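In: just the structure for this:
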Amino acid sequence: MAIRGKSRKPAAAALLARIVSGRARIGIIGLGYVGLPLACVFAEKGFAVTGFDIDAAKTEKLAAGRSYIRHIPGRRIAPLVKAGRLAASSDFAGLKRMDAIIICVPTPLSRQREPDLSFVANTARTIARHLRKGQLVVLESSTYPGTTDDVVKPELEVGGLRSGRDFFLAYSPEREDPGNEQFGTAAIPKVVGGDGAAAGELAKALYDQVVVKTVPVTDAATAEAVKLTENIFRSVNIALVNELKVIFDAMGIDVWQVIEAAKTKPFGFMPFYPGPGLGGHCIPIDPFYLTWKAREFGISTRFIELAGEINTAMPRYVVARLTEALSTRAGKALKNARILIVGLAYKKNVDDMRESPALTLIDLLEAQGAKVDYHDPIITSVKPSREHPHLMGRRSVALSAATLGRTDAVLIVTDHDSIDYKALGRGAKLIIDTRDRMARAGWRGRNVVKA
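Out: Down below sits the predicted model:
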């Protein structure tokens, strides 16, 4: 690969040579569910990688060859650390030694449901203090179109260095799916868009070394739009099946059976599944990033916002179904009822509870006087979160006969594979199943209500 035409600059050519030869030093800022697997992939391909994080507990564990994310085991990390290809640090002065710096920090929503880019902006300021000529900086955090150009670039240029002349800036949206054994980081194509041709080609060359395919687009804003489009597509379709669930339930029709039958059509249908609400870092958040940005252009996003309203309303629908089932099946009110939530993670088989509807459900149930416990075989205690700090430290209870015996209703929120659902069916008085897991486990008892 060659840096072509007007983009042929000595700094770009030198950096390209280091990248394609495997000699480039890679710095990754943010060692969470996106940054850590990306660091492992680069290190496994032979690059020298340093992960940077403000959380010293993370960097200390990595330096010792240990992991803090369930689906990235220590046995994957330890050999990379021992070989000297993976290091971790909370000293950001080391950024100056990096050839490529990849930003993988959170982009949450504020309490007003507006984009909070403080982590991105603060990280850009930190990089700017150590930025040198000839470096490539890539933002991976999910965000609205224009963030790379309007937020990151000005911060990086504060010291006088200029993007496209002295350093190179690009955007490549993360596409991580925690716990997906079929599509790990290296098996997922990467979209790249740069601030100028040289930056785009350098970013493409960088990811060409570690992923199955790179997909170049015109610029960073286009790449940012790709990420939002992917997740808004999912949000809208999940909202559709959530609404169908409510409608079909009123008609006495099983929505899961409908979807299973519909997906036998070999064209024109893609299955999405209902649930108790959206979770994870991207799908509940990305639509709000676009609706916020669209207002700048005087455009209303009615379709996207309607989907958000439907998905946001699902925890309240679940509570209503639970309340009704308690009353009609057990003759109990929700107030003072003992409820056991099964599954705290936002999706099955991972230890990630970001934006999990289970947390919202706990708050809703306790606000109505219920006594709530939770069981999760993977998340043994509630981790800190912005929206639910009062739940921090609450611990998972055992899924035992004694626990089930004193529980009025079990609410399945996350259907981890390691749970014995038939034992749950035998021991629980009443089960509210938001994932259709009891039926898929072969349980046909009359103590199950789908929600």
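
In: all strands of this structure, in order?
Out: Here the chain has its strands, by DSSP state E, at 25-29, 48-52, 86-89, 100-103, 136-139, 168-171, 190-194, 214-216, 338-342, 371-375, 409-412, 431-433, 448-450.

In: I'd like those written out as JSON lines, with mean neighbour count and mean pLDDT added.
Out: To be clear about C-beta, it is placed using only N, CA and C from the backbone, and glycine gets the same treatment. Converted to JSON lines, the strands of the chain look like this (neighbours: other Cβ atoms under 10 Å; pLDDT from 0 to 100):
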{"stretch": "strand 25-29", "mean neighbour count": "25", "mean pLDDT": "98"}
{"stretch": "strand 48-52", "mean neighbour count": "25", "mean pLDDT": "98"}
{"stretch": "strand 86-89", "mean neighbour count": "22", "mean pLDDT": "97"}
{"stretch": "strand 100-103", "mean neighbour count": "26", "mean pLDDT": "98"}
{"stretch": "strand 136-139", "mean neighbour count": "28", "mean pLDDT": "98"}
{"stretch": "strand 168-171", "mean neighbour count": "30", "mean pLDDT": "98"}
{"stretch": "strand 190-194", "mean neighbour count": "26", "mean pLDDT": "98"}
{"stretch": "strand 214-216", "mean neighbour count": "17", "mean pLDDT": "98"}
{"stretch": "strand 338-342", "mean neighbour count": "23", "mean pLDDT": "98"}
{"stretch": "strand 371-375", "mean neighbour count": "20", "mean pLDDT": "98"}
{"stretch": "strand 409-412", "mean neighbour count": "27", "mean pLDDT": "98"}
{"stretch": "strand 431-433", "mean neighbour count": "27", "mean pLDDT": "98"}
{"stretch": "strand 448-450", "mean neighbour count": "20", "mean pLDDT": "97"}
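
In: residue ranges with poor pLDDT in the stretch 351-451 of the chain?
Out: Nowhere does the stretch 351-451 of the chain drop to pLDDT under 70.

In: for the stretch 1-150 of the chain, what spans make up the helices?
Out: 10-20, 35-44, 56-63, 74-82, 118-130, 147 (DSSP state H, counting those that start in this stretch).

In: hmm, back to that, tell me which of the strands of the chain lies nearest to residue 276.
Out: Nearest of the strands of the chain to residue 276, taken as Cβ to Cβ: strand 409-412 at 8.2 Å.

In: partner strands of that closest one and their direction?
Out: Partners of strand 409-412 in the sheet, by DSSP bridges, are strand 338-342 (parallel), strand 431-433 (parallel).

In: can I get that strand in PDB, CA atoms only?
Out: In PDB, the C-alpha atoms belonging to strand 409-412 read as follows (Å, rounded to 0.1, in the frame of the first residue of the first chain):
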ATOM      1  CA  ALA A 409     -42.500 -14.400  42.000                       C
ATOM      2  CA  VAL A 410     -39.400 -14.900  39.900                       C
ATOM      3  CA  LEU A 411     -38.700 -12.400  37.100                       C
ATOM      4  CA  ILE A 412     -36.400 -13.700  34.400                       C
END
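
In: and for it, what's in contact with it?
Out: By Cβ atoms under 8 Å, 6 or more residues apart in numbering, the surrounding residues in contact with strand 409-412 are 318, 322, 325-326, 330, 337-343, 361, 404, 424, 428-435, 437-438.

In: do that again at 7 Å, thanks
Out: By Cβ atoms under 7 Å, 6 or more residues apart in numbering, the residues outside strand 409-412 that reach it are 322, 325-326, 337, 339-343, 361, 424, 428, 430-435, 437.

In: repeat that for stretch 78-89.
Out: Contacts of stretch 78-89 (Cβ under 7 Å, 6+ apart): 31, 39-40, 43-44, 46-52, 59, 62-63, 65, 77.

In: do the same with stretch 180-189
Out: Residues contacting stretch 180-189 (Cβ under 7 Å, 6+ apart): 37-38, 41, 175-177, 210-215.

In: cutoff 6 Å now
Out: Defining contact as Cβ atoms under 6 Å, 6 or more residues apart in numbering, one finds that stretch 180-189 is touched by 37-38, 41, 175, 210-213, 215.

In: same check on stretch 440-451?
Out: By Cβ under 6 Å, 6+ apart, stretch 440-451 touches 318, 321, 325, 421-422, 425, 430-434, 438.

In: can you lay out the strands of the chain as a markdown table showing distance to residue 181?
Out: Listed next are these as a markdown table, based on distance: least, Cβ to Cβ, whole Å:
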| stretch | distance to residue 181 |
| --- | --- |
| strand 25-29 | 23 |
| strand 48-52 | 23 |
| strand 86-89 | 22 |
| strand 100-103 | 24 |
| strand 136-139 | 26 |
| strand 168-171 | 28 |
| strand 190-194 | 19 |
| strand 214-216 | 23 |
| strand 338-342 | 23 |
| strand 371-375 | 24 |
| strand 409-412 | 23 |
| strand 431-433 | 25 |
| strand 448-450 | 28 |
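
In: could I get the contacts of stretch 440-451 as TSV with distance to residue 102?
Out: Below are the contacts of stretch 440-451 laid out as TSV (distance: Cβ to Cβ, whole Å):
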residue	distance to residue 102
318	38
321	44
325	48
421	40
422	45
425	46
430	48
431	44
432	42
433	41
434	36
438	43
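
In: what about burial for those residues, which qualify?
Out: 318, 321, 325, 421, 425, 430-434, 438 (16 or more other Cβ atoms under 10 Å).

In: so what's residue 102 bridging to?
Out: Residue 102 forms beta bridges with residue 28, residue 138, as assigned by DSSP bridges.

In: wait, it sits on residue 138?
Out: Yes: between residue 102 and residue 138 there is a contact at 4.8 Å, judged by Cβ atoms under 6 Å.

In: so how far is stretch 414-431 off the chain centroid?
Out: 26 Å (Cα atoms, centre = their mean, to the nearest Å).

In: end-to-end on that stretch?
Out: End-to-end distance for stretch 414-431: 13 Å, by Cα to Cα, to the nearest Å.

In: and for it, what's in contact with it?
Out: 329-330, 343, 345, 348-349, 377, 401, 404, 409-410, 435, 437-438, 441, 443, 445, 447-448.

In: list the buried residues in that stretch.
Out: Buried, per 16+ other Cβ under 10 Å, within stretch 414-431: 414-416, 419, 421, 424-425, 427-428, 430-431.

In: out of the helices of the stretch 1-150 of the chain, nearest to residue 158?
Out: Residue 158 sits nearest to helix 118-130 of all these, at 5.3 Å, using Cβ to Cβ.
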